[in-house]
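K.L.:
what shape does this take:
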Amino acid sequence: MRGEPTGFVKDFAVKGLSRDGHRALRELGLPWASPDRQYGRLAKSLDDAIGFGITTVVEPQNSLDDLALFRRARGEGRLRSRIVAALFHPR
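P.N.:
Numbering: from 1, shown residues only. As a prediction, this is how the structure comes out:
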């Protein structure tokens, strides 16, 4: 292995819940549903991606609320790969 990108990595920081779903889980007191914990998972995934030489990350099914997490990562210098943040639009 020479540190060059070789393929795809999947299942980084999968959210998969609607805004209402996350809000309900936070209201129930589930610590992993807090925005800081959610950001921590995203930041670790971004660090892992760059550590493995991944230059582009596709993050499917984001809500508009998730974009703040990516802006925070960019502001903190942790967004070092290109991000394709596909927005999820429920019916």
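
K.L.:
just checking, what packs against the helix or strand hosting Ala73?
P.N.:
Assigned by DSSP states H and E, Ala73 belongs to helix 67-75. On a contact count with 3 or more C-beta pairs under 8 Å, 6 or more residues apart in numbering; DSSP states H and E, helix 67-75 meets helix 35-51, strand 82-87. Where C-beta positions appear, they are placed from N, C-alpha and C, glycine not excepted.

K.L.:
show residues contacting that helix.
P.N.:
Pro35, Gln38, Tyr39, Leu42, Ala43, Leu46, Leu79, Ile83, Ala85 (C-beta atoms under 8 Å, 6 or more residues apart in numbering).

K.L.:
flag every buried residue along stretch 36-43.
P.N.:
Gln38, Tyr39, Leu42, Ala43 (16 or more other C-beta atoms under 10 Å).
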